[in-house]
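Trainee: quick one, what's the 3D model for this:
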Amino acid sequence: MVLVTDEWVELWVMFCAAGGLCGYSWYWCIRSIIFYRKNDYDFSQDVGPKIYWSARGGDDRLLATPRAKFLIAMPFSVLASSSMLLFTVLALAGIIKPCLDCRP
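Mentor: Numbers count the residues shown, from 1 in each chain. Next up, the predicted model:
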């Protein structure tokens with residue numbers, strides 16, 4: 001079984017990118033759970049990276065509150081990055097066949 005061919009380079013790049021993003025998301029999610037649990041879920045202090053909300057994009061971005069970041073943004077980023085990594089690993093393992101040069 002050849003692990004690196006011209007068709008699989010994209011999957012390996014996706015694996016590295018999704019793995020890094022997944023690790024970063026899990027790190028900050030677990031760290032924020034530990035931090036807020038020790039502080040009795042006092043959301044007056046912020047921990048973790050800054051996350052901005054934007055409906056239209058541009059310069060009118062709003063900084064997410066610590067509660068919204070803890071309850072919405074971090075779990076969503078963990079879910080999204082974990083699913084990207086899962087599908088990439090399944091494609092590399094051969095369980096899911098990537099559509100390379102697909103034609104009807």
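
Trainee: so where do the strands sit in this structure?
Mentor: Applying DSSP state E to the chain gives strands spanning 52-53, 62-63.

Trainee: what about residue 25, how many neighbours?
Mentor: Neighbour count of residue 25, defined by other C-beta atoms under 10 Å: 22. C-beta coordinates here come from the backbone N, C-alpha and C atoms, glycine included.

Trainee: go on, residue 97?
Mentor: Residue 97: 9 surrounding residues under other C-beta under 10 Å.

Trainee: returning to that earlier point: could the strands of the chain go into JSON lines alongside distance to residue 90, mean pLDDT and mean neighbour count?
Mentor: Compiled in JSON lines, those are given as follows (distance: least, C-beta to C-beta, whole Å; pLDDT from 0 to 100; neighbours: other C-beta atoms under 10 Å):
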{"stretch": "strand 52-53", "distance to residue 90": "32", "mean pLDDT": "78", "mean neighbour count": "11"}
{"stretch": "strand 62-63", "distance to residue 90": "36", "mean pLDDT": "80", "mean neighbour count": "12"}
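
Trainee: now render the ones you listed as JSON lines, adding distance to residue 12.
Mentor: Formatted as JSON lines, the strands of the chain follow (distance: least, C-beta to C-beta, whole Å):
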{"stretch": "strand 52-53", "distance to residue 12": "31"}
{"stretch": "strand 62-63", "distance to residue 12": "36"}
